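Novice: the following block contains a protein sequence and its predicted model.
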Amino acid sequence: MNRRRAISETPLGRMLSSADRRPDPLEAFRIARRWFIEGRRIEMQELATELGINRATLFRWVGGRDELIAEILWSLAEPTLKASIDAAPGHGAEHIARAVGHYTTVIDESGFFQAFLRREPERALRILATRAGTLQGRLVAAIEQLLNDEIAAGQLDPPLPPRDLAFLVVRIVESFLYADIITGEPLEVAKAEQAIGALLGHRPG
């Protein structure tokens, strides 16, 4: 059998070779994510036109603009946090403080993140730092899991229940990342690690 024909007969091959391939919610997400990373404002009508669908279909696929941006932000934040956790040295409070501190620094230095904060500060805070969005809750859950992992390993004796502690850690992250918007006075993001370490009882040697 011809190799090219064999490839085209796989489900993926048939999709890729189909002349009438249609857009779907994942394609909408991929395009919007690329625009966001490029520092481009996501407009729902513009995205619908790019996909060749109407706005009603787009809203049915991805929800509103805030929901779409929240999914994009989490798709960028989650692997960053995981990489920071995997690379962080130490155990217990030190490990957590270094991991979350590094995550905070990487996010702060991301061009797309800063562009979004400058372009739409009120929307950014609503999506990122309130319960109206989904990102804060997801980050709290991820930090809670990190705390529980260290507790289970016998490396951490937390001063508060893990859920409460995770929420406070996330609030520290938010305080450093969004200080310029909230108070007009930017903080040294590198100090987020120190603040989280102090909360968890870590004293650098």
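Specialist: That came in fine, so what should we check first? Numbering: from 1, shown residues only.
Novice: please pull out the lowest mean pLDDT helix or strand from this structure.
Specialist: One helix or strand of the chain scores below all others by mean pLDDT, DSSP states H and E: helix 3-8, with a mean of 50.
Novice: give me the buried positions along the longest helix along the chain.
Specialist: Counting residues, the longest helix in the chain under DSSP state H turns out to be helix 65-87. Neighbour-count burial for helix 65-87 flags 65, 68-74, 76-77, 81, 84-85 (criterion: 16 or more other Cβ atoms under 10 Å). Placement of C-beta: from N, CA and C, glycine included.
Novice: in JSON lines, list those along with pLDDT and distance to residue 138.
Specialist: Output for the buried residues of helix 65-87, formatted as JSON lines (pLDDT from 0 to 100; distance: Cβ to Cβ, whole Å):
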{"residue": "65", "pLDDT": "95", "distance to residue 138": "18"}
{"residue": "68", "pLDDT": "96", "distance to residue 138": "15"}
{"residue": "69", "pLDDT": "96", "distance to residue 138": "14"}
{"residue": "70", "pLDDT": "95", "distance to residue 138": "9"}
{"residue": "71", "pLDDT": "96", "distance to residue 138": "10"}
{"residue": "72", "pLDDT": "96", "distance to residue 138": "13"}
{"residue": "73", "pLDDT": "96", "distance to residue 138": "10"}
{"residue": "74", "pLDDT": "96", "distance to residue 138": "6"}
{"residue": "76", "pLDDT": "96", "distance to residue 138": "12"}
{"residue": "77", "pLDDT": "96", "distance to residue 138": "8"}
{"residue": "81", "pLDDT": "97", "distance to residue 138": "10"}
{"residue": "84", "pLDDT": "97", "distance to residue 138": "15"}
{"residue": "85", "pLDDT": "97", "distance to residue 138": "15"}
